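Trainee: this one's sequence-less:
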């Protein structure tokens, strides 16, 4: 009795008329789609740094971040230690005895909170997504359910479950989901306390079922365990520093009080201050590593602009360089840009909009500059100020 040649893929079950190509042997078959999938997986594995190759030295992470992020020395140190502790837990804590070390950033707008987290993800070679906390609602209400967070990370990992479970989620604007008062609400609060509550299980570690974009190996869904995903929450928390100052000043009044509190503290706010602000205790308990970013000075912003690795000046030099024109802005002009960024209170985040303003006319008239055989465009402080 002769064996029947396979007529469908042994991996996905599709028939030969459902795919472009079905490669068969005497006992098995595989379609072009499954071959492509396997090739993608092998390609991603070759490009991705395995967890066992991570350098578990916080100084190595600090040195890497320091190339891209100006100032924020202590924030970078604390972030490096927290990330290393997180991945030590993921790699060596088989008995689940160590709690997660999720991170909470707080500080003024434009101080590098997002860049710090993204740079860490780049160093580790893991998927990274940014989610706006204000777009999330409690389950059952119109808006994005918390599961959308992991779904986006799954897409960012190109539908690789293992990579998803090693990724980093950056939840921005968490200060906007603070409850309106320190007292727990008796009703539903879909934009504040309710969202914080909805995030708790995911941040701590749970299993989430997601739809898979392809029916692979007989299933159209996958399960993602969030226990090893690093969650980084971030917010400006405007007014939090005042709450902390009031608490400390009240603690320094009366018999036996101590006036030894430093004016500049590495820990300018404690969890109790965040709870007073409107974050629920359970949420703060899941973000034990609190990292504060300081307001950038004019000198800091000057260095941010000139940074060779990812500085905004290099980006605009590229735009002009593509037309064979060298852009040069003298140091006084760059300091004028830094001063204006401080004035509009946007920090490093405002630098690009300023560059857009001062270079617009030149980029719009780039054709005329080429006709005039312009090889170098040099801008001074006066050239910058007239646009601001």
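Mentor: Done, it's in. On a predicted model such as this, the values are computed, not experimentally measured, just so you know. Residues are numbered from 1 along each chain as shown.

Trainee: tell me the mean pLDDT over the helix ranked longest in the chain?
Mentor: Scanning the chain for the helix with the most residues, using DSSP state H, yields helix 73-92. On average, the pLDDT along helix 73-92 is 92.

Trainee: tell me how far that helix lies from the chain's centre.
Mentor: 15 Å (Cα atoms, centre = their mean, to the nearest Å).

Trainee: check which residues of it are buried.
Mentor: Residues of helix 73-92 classed as buried by neighbour count (16 or more other Cβ atoms under 10 Å): 75-87, 89-90. All C-beta spots, glycine's among them, are computed from the backbone N, C-alpha and C.

Trainee: Provide the secondary structure category for the spatially closest residue to residue 192 that is not a sequence neighbour.
Mentor: Nearest in space to residue 192, with sequence neighbours left out and distances taken as Cβ to Cβ, 6 or more residues apart in numbering, is residue 179 at 4.4 Å. What DSSP: H, G, I helix; E, B strand; the rest coil gives for residue 179 is coil.

Trainee: for the stretch 51-200 of the chain, give me the ranges with low pLDDT.
Mentor: Where the stretch 51-200 of the chain drops to pLDDT under 70, the residues are 51-54, 138-144, 181-191.

Trainee: what segments of it are strands?
Mentor: With DSSP state E, counting those that start in this stretch as the criterion, the stretch 51-200 of the chain has strands at 103-106, 128-132, 168-172.

Trainee: give the pairing partners of the last one; include direction for each.
Mentor: Based on DSSP bridges, the strands next to strand 168-172 in the sheet, each with its direction, are strand 128-132 (parallel), strand 230-235 (parallel).

Trainee: who touches the longest one?
Mentor: This means strand 230-235. Defining contact as Cβ atoms under 8 Å, 6 or more residues apart in numbering, one finds that strand 230-235 is touched by 83, 86, 100, 102-106, 113-114, 117, 133, 167-176, 202-203, 286-287.

Trainee: mind listing what's buried in the next helix or strand after that strand?
Mentor: Scanning forward in sequence from strand 230-235 by DSSP states H and E, the next helix or strand is helix 240-251. Across helix 240-251, burial judged by 16+ other Cβ under 10 Å covers 240-241, 243-244.

Trainee: domains for the protein, by residue range?
Mentor: Domain assignment for the chain, taken from automatic domain parsing, gives 1-47, 51-292, 298-385.

Trainee: contacts only, for the closest residue to residue 62 other than its chain neighbours.
Mentor: In this structure, residue 62 finds its nearest non-sequential neighbour in residue 80, 4.6 Å apart by Cβ to Cβ, 6+ apart. For residue 80, the contact set (Cβ under 8 Å, 6+ apart) comprises 58-59, 61-62, 65.

Trainee: of the residues you listed, which is the nearest to residue 357?
Mentor: For the contacts of residue 80, the minimum distance to residue 357 (Cβ to Cβ) is 29.7 Å, reached by residue 65.
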